[in-house]
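Q: Mind folding the following:
(one chain, ligands or ions: 2)
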Amino acid sequence: MSFQIERIVLRQIRMPLVHFFETSFSRTYARDIVLVEVVSDGLSGWGEVTAGENPFYNEEWTASIWPLLVNCAAPRVLHHPLASATEIFGRTAHIRGHFMARGGLEAAVWDLEARRAGIPLARHIGGGARTEIACGVSIGIHDSVEQLLNTIETEVNAGYQRIKIKIKPGWDIAVIREVRRVFPNIRLMADANSAYTLADAGRLKQLDEFNLMMIEQPLEHDDIIDHATLQKQLATPLCLDECIRTARHAEQAIAMHACGIINIKLGRVGGFREARRIHDIAQSNGIPVWCGGMLESGIGRAHNIALSTLPNFVLPGDVSASKRYWTRDIIVPPVEVSSQGTIAVPTAPGFGYHIDFDYLKSVTVREETLS
Ligand code: OSB
Ligand code: MG
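A: Numbering: from 1, shown residues only. Ligands and ions are numbered 1, 2, ... in the order given. The predicted structure follows:
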């Protein structure tokens, strides 16, 4: 049964992080997040735009989202008869890049469609076979190794199934050596967020001795070819994040043996349609995937849980408990992680949590209704 989006409500929220999060490219103390609500026939679907506060992870940032959605994406979606949420990706495909802005809108329509069908989002996207997902944590760069070891101990004791630490030149070999000395048996990986070049191959090769599950995106954010050259020199599998923006990129990276693993982020690839295509291509080539995170509020977190129920999400992802980031989340209940390091997949229609409208209102700094 076809439907139309009658109204789109954009909201920007501002929420402080419990603890700053530092990557090789920046330190974040508070998040500025754009949320997308789509309305049809008295039902709402919700999406989250996963762009950061600065255009440092990729070219998008909080300030680029609003004009992109208002001027370019929303007019292509409002009041058009839709047979299915899969059409949204194509309706905005004339826009070059800006996958996070488009993906937030796309995901909202998937959520709406799941609610119209009265089924959980996980099932609606073709997943939902699992009742729980496996969780890891992403741990930022700390001021000292001692503090980092404390954080790792906290997360291991909380039950998380793998630990990812952020690295950059000068916060890499010696730090990982110390982490391995103290935690010889944990499932451990490192994420460089493009902080190295091929000239650092010798340095990266030294990481082979630490039995890492993978090294994530060591080289340029838009590179696949140098990663293939590097992969030949390393025993440790590379995992690609930033440079896999489309299914075509995934195909090319796999064909070139540029990686052994792919991190799929819903926003980075423009939503569920492309995320599923990348998932399927990886699966048919024997490449495992896992779900990455972008310090999401509960809405983005819930979408990541749904995505993680697809069958080839076989490695623990970066989808973790709300309380690691927020003193209070905008959804109720917050996302909780069991002592086994798992999240129970919600069974209610749509993304499966309730929005805490009182709290949402109190953190909203900008709102606009498009109709
Ligand atoms: O590369 O995975 C990344 C956060 C911001 C930008 C990039 C990345 C990250 C994370 C955080 O690693 C994962 C999370 O949301 O917990
Ligand atoms: Mg990453």
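Q: near ligand 1, anything from stretch 298-311?
A: No - in terms of Cβ under 6 Å from any ligand atom, no part of stretch 298-311 sits within range of ligand 1; the closest distance is 8.3 Å. Placement of C-beta: from N, CA and C, glycine included.
Q: Could you give the separation of that stretch from the chain centroid?
A: Between the mean C-alpha point of stretch 298-311 and the mean C-alpha point of its chain there is a distance of 9 Å (Cα atoms, centre = their mean, to the nearest Å).
Q: center of this structure - which residue?
A: For the chain, the residue nearest the mean C-alpha position is G293 (3.0 Å; Cα atoms, centre = their mean).
Q: That one contacts D318, correct?
A: Yes - the pair G293 / D318 is scored as a contact, 3.9 Å apart, by Cβ atoms under 8 Å.
Q: Identify the contacts common to these two.
A: When Cβ atoms under 8 Å, 6 or more residues apart in numbering defines a contact, the residues bordering G293 and D318 alike are S138.
Q: Please settle this for me: is M189 part of a strand?
A: Yes - according to DSSP: H, G, I helix; E, B strand; the rest coil, the state of M189 is that of a strand.
Q: In three-state terms, label the closest residue to W326 other than its chain neighbours for me.
A: Taking Cβ to Cβ, 6 or more residues apart in numbering as the measure, W326 lies nearest to M15, with 6.2 Å between them; neighbours along the chain are not counted. Taken by three-state DSSP, the conformation at M15 corresponds to strand.
Q: residues near M15, how many?
A: Counted with other Cβ atoms under 10 Å, residues neighbouring M15 total 19.
Q: Show the contacting residues for it.
A: Contacts for M15 were tallied using Cβ under 8 Å, 6+ apart; they are A30, R31, I33, S297, W326, I330, V363.
Q: Check the last one and give its pLDDT.
A: Per-residue confidence at V363 stands at 98 (pLDDT).
Q: next one: phi and psi at it?
A: Taking degrees, to the nearest 10, you get phi -100, psi 0 for the backbone angles of V363.
Q: one step back: kindly confirm my reading that the residue nearest to the centre of the chain is in a strand.
A: No - counting by three-state DSSP, G293 falls outside a strand, being coil.
Q: Now that we're looking at it, what pLDDT does it have?
A: Turning to G293, the model gives it a pLDDT of 98.
Q: quick one: it and D358, what's the gap?
A: Using Cβ to Cβ, to the nearest Å, one obtains 26 Å as the distance from G293 to D358.
Q: Do I have it right that I163 meets R187?
A: Yes - look at I163 against R187 with Cβ under 8 Å: they come within range, at 7.0 Å.
Q: Who has more neighbours out of the two?
A: Just comparing I163 and R187: by other Cβ under 10 Å the higher neighbour count belongs to I163, 22 against 17.
Q: Contacts only, for I278.
A: The neighbours of I278, taking Cβ under 8 Å, 6+ apart as the test, are I244, T246, A247, A250, I262, I264, V269, V289.
Q: Tell me which of those fall in helices.
A: Judged by DSSP state H, these include A247, A250 as members of helices.
Q: Common neighbours of I163 and R187, please.
A: With contacts defined as Cβ under 8 Å, 6+ apart, the residues adjacent to both I163 and R187 are G136.
Q: which residues of the stretch 151-300 of the chain fall in strands?
A: Counting by DSSP state E, counting those that start in this stretch, the stretch 151-300 of the chain forms strands over residues 163-166, 188-191, 215-216, 238-240, 261-264, 289-291, given from the N-terminal end onward.
Q: got the contact list for I281?
A: With contacts defined as Cβ under 8 Å, 6+ apart, I281 is in contact with A247, A250, E251, I254.
Q: what's the distance between it and I262?
A: To I262, I281 is 9 Å away according to Cβ to Cβ.
Q: could I get the contacts of I278 as CSV with neighbour count, pLDDT and distance to I5?
A: Below are the contacts of I278 laid out as CSV (neighbours: other Cβ atoms under 10 Å; pLDDT from 0 to 100; distance: Cβ to Cβ, whole Å):
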residue, neighbour count, pLDDT, distance to I5
I244, 29, 98, 29
T246, 15, 98, 24
A247, 19, 98, 25
A250, 28, 98, 29
I262, 26, 98, 31
I264, 26, 98, 26
V269, 27, 98, 21
V289, 26, 98, 30
